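> how would this look folded up:
(2 chains)
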Amino acid sequence: DGGITQSPKYLFRKEGQNVTLSCEQNLNHDAMYWYRQDPGQGLRLIYYSQIVNDFQKGDIAEGYSVSREKKESFPLTVTSAQKNPTAFYLCASRGTSGYNEQFFGPGTRLTVL
Amino acid sequence: DAKTTQPPSMDCAEGRAANLPCNHSTISGNEYVYWYRQIHSQGPQYIIHGLKNNETNEMASLIITEDRKSSTLILPHATLRDTAVYYCIVRVEEAAGNKLTFGGGTRVLVKP
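Numbering: from 1, shown residues only, chains lettered A, B, ... in the order given. Next up is the predicted model:
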């Protein structure tokens, strides 16, 4: 089936460790996005990529890094510089022809202990 | 992108229509109105979008006022599975990212 996968669903890390969240899509979408969601809040954009080997900072990029070496993959690294990393992380992708909506993955809930 | 205002929560009876309002008084001429919903602990799901005309699909209807300063999402026959947070978003369909800016949304509780 076509879609977006994020793994794992739940992730626990110790404070001070970097952690990488996976996002894979087989929808042949050019654009991919990472959002962060805190309890009871809306989504905030961390990074986005419109094409392979290119990405842009979103509204809250500090403490995060991304790469886009392949069209289908857009991993997000939460670094130790991120002051409050515990959150629900959502990846999305979008086709870039026409006015296509974003498709979201199931999310990864990261807890830093 | 224009800002939107939605009520924080609303209840709806199962089987009845749910009418979700959204104000976007600063919307500009080239901005579309999008609706997404997010069921607890899942990723948001696209529902519908429109520019000027009313739109309908298998999930919902979107009514946009003539001045485009507000819109209403209608779920014609709400079911318990429609319990979710509903987000109204306005944005320009531009090449630079097509970013979505999510506000607080409306938490809809469908009751039996």
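> Now for chain B, the helix or strand with the poorest mean pLDDT.
The helix or strand of chain B with the poorest confidence is strand B:84-92; it has a mean of 90 (mean pLDDT, DSSP states H and E).
> and that strand, anywhere near chain A?
Yes - Strand B:84-92 lies within reach of chain A by Cβ under 8 Å from any Cβ of the partner chain, at residue B:87. C-beta: built from backbone N, CA, C; applies to glycine.
> what's that strand packed up against?
Judged by 3 or more Cβ pairs under 8 Å, 6 or more residues apart in numbering or on different chains; DSSP states H and E, strand B:84-92 is in contact with strand B:18-23, strand B:31-38, strand B:70-75, strand B:106-111.
> Tell me the buried residues in stretch B:13-23?
Going by neighbour count (16 or more other Cβ atoms under 10 Å in any protein chain shown), the buried part of stretch B:13-23 is B:18, B:20, B:22, B:23.
> do that stretch and chain A meet?
No - for stretch B:13-23, no contact with chain A is found by Cβ under 8 Å from any Cβ; the gap never falls below 13.4 Å.
> re the thing from before, can you dump the C-alpha atoms of the least confident helix or strand of chain B in CSV for me?
Taking Å, rounded to 0.1, in the frame of the first residue of the first chain, the C-alpha atoms of strand B:84-92 are listed here in CSV:
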residue,chain,number,x,y,z
ALA,B,84,-11.3,14.5,16.6
VAL,B,85,-9.6,17.9,16.6
TYR,B,86,-10.6,19.8,13.4
TYR,B,87,-8.2,22.4,12.0
CYS,B,88,-9.1,25.2,9.6
ILE,B,89,-6.1,26.5,7.7
VAL,B,90,-5.7,29.2,5.1
ARG,B,91,-2.7,29.3,2.8
VAL,B,92,-1.4,30.4,-0.5
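> Tell me the strands beside it, with direction?
Strand B:84-92 has its sheet partners listed here by DSSP bridges as strand B:31-38 (antiparallel), strand B:106-111 (antiparallel).
> Please work out which residues outside that strand touch it.
A:42, B:1-2, B:4, B:6, B:20, B:22, B:24, B:27-28, B:30-40, B:44, B:47, B:71, B:73, B:98-103, B:105-108 (Cβ atoms under 8 Å, 6 or more residues apart in numbering or on different chains).
> Tell me the residues on chain A that lie near chain B, please.
Proximity of chain A to chain B is confined to A:4, A:31, A:33, A:35, A:40-45, A:48, A:50, A:56, A:58, A:88, A:90, A:92, A:94, A:96, A:99, A:101-107, A:109 under the rule Cβ under 8 Å from any Cβ.
> wait, doesn't residue A:73 sit right on residue A:20?
No - counting by Cβ atoms under 8 Å, residue A:73 does not reach residue A:20; the two are 11.2 Å apart.
> Kindly present the buried residues of stretch B:13-23 as JSON lines, with separate columns for pLDDT and distance to residue B:58.
Converted to JSON lines, these look like this (pLDDT from 0 to 100; distance: Cβ to Cβ, whole Å):
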{"residue": "B:18", "pLDDT": "97", "distance to residue B:58": "16"}
{"residue": "B:20", "pLDDT": "97", "distance to residue B:58": "17"}
{"residue": "B:22", "pLDDT": "96", "distance to residue B:58": "21"}
{"residue": "B:23", "pLDDT": "95", "distance to residue B:58": "26"}
